[in-house]
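> any chance you could fold what I've pasted below:
(chains A, B, C and D)
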Protein chains: 2
Amino acid sequence: MSVEDVRRRNLGEILRRIHEEGPQSRARLTAATGLNRSTTADLVATLVEAGVAVERDPDPTRRVGRPSPVVAARDDVVAIAVNPEVDAVELAAVGLNGQLAVRAREELDHLLTPAELAQRVAATLRGWRAGALANARVVGVGIAVPGLVRASDGVVRLAPHLEWTDAAVGALVEDATGLPVAVGNDASLGARAEHLFGAARGHDDVVYLNGGASGIGGGLIVEGHLLGGAGGYAGEWGQNHAVIDHEADRRSATGILEDEVSRSRLLEALGLTVADDATLAAAVAGATDRDVQDELARQRRLLVGTLASAVNVLNPSAIVLGGFLSMILAADPDGLTDAVRARAMSAPAEGVQILPAALGDDRLLIGAAEAAFAALLADPLLVVPA
Amino acid sequence: MSVEDVRRRNLGEILRRIHEEGPQSRARLTAATGLNRSTTADLVATLVEAGVAVERDPDPTRRVGRPSPVVAARDDVVAIAVNPEVDAVELAAVGLNGQLAVRAREELDHLLTPAELAQRVAATLRGWRAGALANARVVGVGIAVPGLVRASDGVVRLAPHLEWTDAAVGALVEDATGLPVAVGNDASLGARAEHLFGAARGHDDVVYLNGGASGIGGGLIVEGHLLGGAGGYAGEWGQNHAVIDHEADRRSATGILEDEVSRSRLLEALGLTVADDATLAAAVAGATDRDVQDELARQRRLLVGTLASAVNVLNPSAIVLGGFLSMILAADPDGLTDAVRARAMSAPAEGVQILPAALGDDRLLIGAAEAAFAALLADPLLVVPA
DNA sequence: CCGATAAGTTGGTAGTCACAACATATGTGA
DNA sequence: TCACATATGTTGTGACTACCAACTTATCGG
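Sure, this is the predicted structure:
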């Protein structure tokens, strides 16, 4: 490590703070980083010069002393976030300030191939560059894929619902757009988003589980970092076998968690065939039917086993539940939390909060953009101005 | 981060390398760190001056070029490692070179109190300082406790076999010895030891499970770091509920993993009452009895479920099994590995190795010493010479 | 014995942050 | 309205660290 690395890190830390915490005064940055006033001023000037931050006149405060200028991340520095689904592709341009600048949902009548995805991303980006993003600087593309992703090189090993196997998505999109591309598992990126901007904000050790139509995915935040594992495949809770205390609770032959605790079984109990998450949530909240309550309780029991194990092994300070899992939580928040506390060891359990995910539909796009921003935050001067 | 931090880190990295990898040439350190020759020379000189490293004449090599001096960690810089058990206390002085300088086992006829442990550690240390450690510099004490430990302040929340509850072991031993003390869970420290010097050497993502007489403990290495969790309680696999596919495999009412997969059930199948690990291992290896094979197979089946879940969630590159779990592995290594591969998802499973622990009885002492050395390695100049 | 190779040694340089002294902007109270 | 306290920005200097280039030393092979 050399002296230049110090600057890289300090620039990165300041940029990260204004990115994650929003605009703030130079004085606050000085206090938070422990750097000298003069150093902070110099670093901020460098970030402004590099085109990633702006300084503006201080907000009128009611405090003595010389007002400190407010530093903010530029909203015209953006990452392109992409989330391919079975029946649509969602795209967005997310600013370094955390706001979605543009957003599009392209409905599909067929399954995408990876090559087609690359072309669509490039085409959409061309359109935006001629319009909404005319003056923006695009620093990269982040893609949230529902499947197993080797994060290191952006190869999708297996995405069953998209029917992709060993697809070099990262390389394809890089070629089509000319931009650096980060690819990640959708649930892992969702975990990152909830950690930075959602329910798990401020928690350094987080277990995140998301219940979607196609199963249960997850992500782990360990000491503030998204855990990837050796290959980048970490977080696949759904395929674990559930602990089933009473055989009466079993619904599937295998006992795979996502076969037992599932959105479709919940829909079935409600007598619905299809529903978006909002409709489902309302139906669950309004249900008084005994069958529905029983099914909710059954799924809750199995979920408790998984969460208690996670508490014992990982000792998180927060567990965040998204998708239909948050509805199971909402049906009886204290009951679920108490059950997990009772089943896990007391020391790790006493500190854990179980929370519903706070970010809505934007979660995956924000997470994907975050993956694309990672390089810029690690070294704000590396990415040269357009 | 300031320029001085750069030196701290570079000093720490060099000291860590010679500590973990053993004596090596300055040239090799230069290549490994990417630093300049002159910088490496300067840093090594600083470490020698600080009394933590020595430079000696190069080993005769058969290579052209000027020989490079060999840098080694000093063996007279030691940490005191302590492992309180139910019927004894094990103590050792472990050198920064990784060797055990002195070792003692003090048998007990009663359960220790935390205060008594502190007195014993202080007394033993006084004895050593008058003898074997007369010229050594003791930098700290590391204690491996069989129980839940809050690593931040060294409080043992619960150690059922020692009958300790909320015991401020760290503070007591600090007062008694005047040295900085690190306290950790025994299995977690064992994981660290196996990671640094044992079976998991070179693996950055490791799941370690140890089967002892009192249950199953574990530790997690994530990206090369020991995972502590929010409170420092992470790694308690034993209290998880096992996934029991066939009711015939169940032996306990609760289905708690360490009640099902247990050393005592193995002893029972073998018709033994007590045995040390070596005896047990020999008995397991030599057993041809059908009942023993059945019990081994049953425990193996349940262990497979736990390991497969760990693979899905954590995607480790190695799983290390210690204690009687390594005997279950040894009875059929390929069978266990194949079963885990078959049950876990294929992408994370394809890269995982399941290995027996390589360190013997010294594991906990080495892990405990490592915890005590951590401060010195983070900042080699912080700890002033005695 | 000489050339090739590899590495140690030395003196100078550049980058980075800290610090002190001074300047500036705001609120408070007489 | 004005002096003063407070908080912060600004500027120039200094200390620390690693890098670099040039030189020196040690070994091997022919």
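> where's A:L196, which helix or strand?
helix A:186-197 (DSSP states H and E).
> let me fix that, I meant to ask about A:Q299.
helix A:290-314.
> give me the nearest residue to A:H203, chain neighbours excluded.
In this structure, A:H203 finds its nearest non-sequential neighbour in A:A318, 4.1 Å apart by CB to CB, 6 or more residues apart in numbering or on different chains. From N, CA and C alone the C-beta is placed, and that goes for glycine too.
> phi, psi of the closest residue to A:F373 other than its chain neighbours?
Leaving out its chain neighbours, the residue that sits closest to A:F373 by CB to CB, 6+ apart is A:A79, at 5.4 Å. Backbone torsions for A:A79, taken as degrees, to the nearest 10, come to phi -120, psi 150.
> please apply the same query to A:A318.
Main-chain dihedrals, A:A318, degrees, to the nearest 10: phi -150, psi 140.
> next secondary structure after the helix holding A:Q299?
Note on helix A:290-314: by DSSP H and E, the next helix or strand toward the C-terminus is strand A:318-323.
> that next one versus helix A:290-314: what angle between them?
140 degrees (axes from the mean of the first three to the mean of the last three CA atoms, to 10 degrees).
> check which helices and strands strand A:318-323 is in contact with.
Packing partners of strand A:318-323 (3 or more CB pairs under 8 Å, 6 or more residues apart in numbering or on different chains; DSSP states H and E): helix A:186-197, strand A:206-212, helix A:290-314, strand A:353-356.
> got the residues of chain A near DNA strand D?
With CB under 7 Å from any atom of the strand as the criterion, chain A meets DNA strand D at residues A:1-3, A:25-27, A:30, A:37-38, A:40-41, A:63-69.
> which of the residues you listed fall in helices?
In helices, defined here by DSSP state H, the members of those are A:V3, A:R26, A:A27, A:T30, A:R37, A:S38, A:T40, A:A41.
> quick check, nearest of those to A:R129?
Using CB to CB, A:R26 is the member of those that lies nearest A:R129, at 32.9 Å.
> ok, the nearest residue to the closest one once chain neighbours are set aside - how many residues close by?
Excluding its sequence neighbours, the residue lying closest to A:R26 (CB to CB, 6+ apart) is A:S68, at 4.9 Å. Neighbourhood size, A:S68 [other CB atoms under 10 Å in any protein chain shown]: 19.
> quick one: pLDDT of A:S68?
With respect to pLDDT, A:S68 scores 94.
> that one is in contact with A:A31, isn't it?
No - the pair A:S68 and A:A31 does not pass the contact test of CB atoms under 8 Å, sitting 10.3 Å apart.
> the residue nearest to A:H203 and A:A200, how far apart?
With distances taken as CB to CB, to the nearest Å, A:A318 is found 5 Å from A:A200.
> more neighbours: which of the two?
Legend: neighbour count by other CB under 10 Å for A:A318 and A:A200, higher for A:A200 (28 against 23).
> ok, the closest residue to the more buried one other than its chain neighbours to A:S188 distance?
Using CB to CB, 6+ apart and skipping the chain neighbours, the partner closest in space to A:A200 is A:V206 (4.3 Å). A:V206 is 12 Å from A:S188, where distance means CB to CB.
> quick revisit: may I ask which two of the ones in helices among the residues of chain A next to DNA strand D are separated the most?
Based on CB to CB, the longest span within these runs between A:V3 and A:A27 and measures 25.8 Å.
> what about these two, which has more around it?
Higher neighbour count among A:V3 and A:A27: A:A27, with 17 against 10, using other CB under 10 Å.
> for the residue most central in space within chain A, list the residues it contacts.
Centroid-nearest residue in chain A, with CA atoms, centre = their mean: A:G190, separated by 2.3 Å. Counting by CB atoms under 8 Å, 6 or more residues apart in numbering or on different chains, A:G190 touches A:A144, A:Y208, A:N210, A:G217, A:G219, A:G322, A:A357, A:L359, A:R363, A:L364, A:G367.
> and the second one, what does it touch?
With contact set as CB under 8 Å, 6+ apart, A:Y208 has these partners: A:187, A:190-191, A:194-195, A:200, A:218-221, A:319-322, A:357.
> over to A:G198?
A:G198 touches A:V320, A:A357, A:A358, A:L359, A:R363, counting by CB under 8 Å, 6+ apart.
> what would those residues look like in JSON lines with pLDDT?
JSON lines is the format used below for the contacts of A:G198 (pLDDT from 0 to 100):
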{"residue": "A:V320", "pLDDT": "98"}
{"residue": "A:A357", "pLDDT": "97"}
{"residue": "A:A358", "pLDDT": "97"}
{"residue": "A:L359", "pLDDT": "94"}
{"residue": "A:R363", "pLDDT": "95"}
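> of all those residues, which comes closest to DNA strand D?
DNA strand D has its nearest neighbour among the contacts of A:G198 in A:A358, at 30.5 Å by CB to the nearest atom of the strand.
> how about low-confidence regions in the stretch 201-350 of chain A?
For the stretch 201-350 of chain A, applying pLDDT under 70 flags no range at all.
> for DNA strand C, what is the nearest residue in it?
Counting by CB to the nearest atom of the strand, the stretch 201-350 of chain A gets nearest DNA strand C through A:G224, at 21.1 Å.
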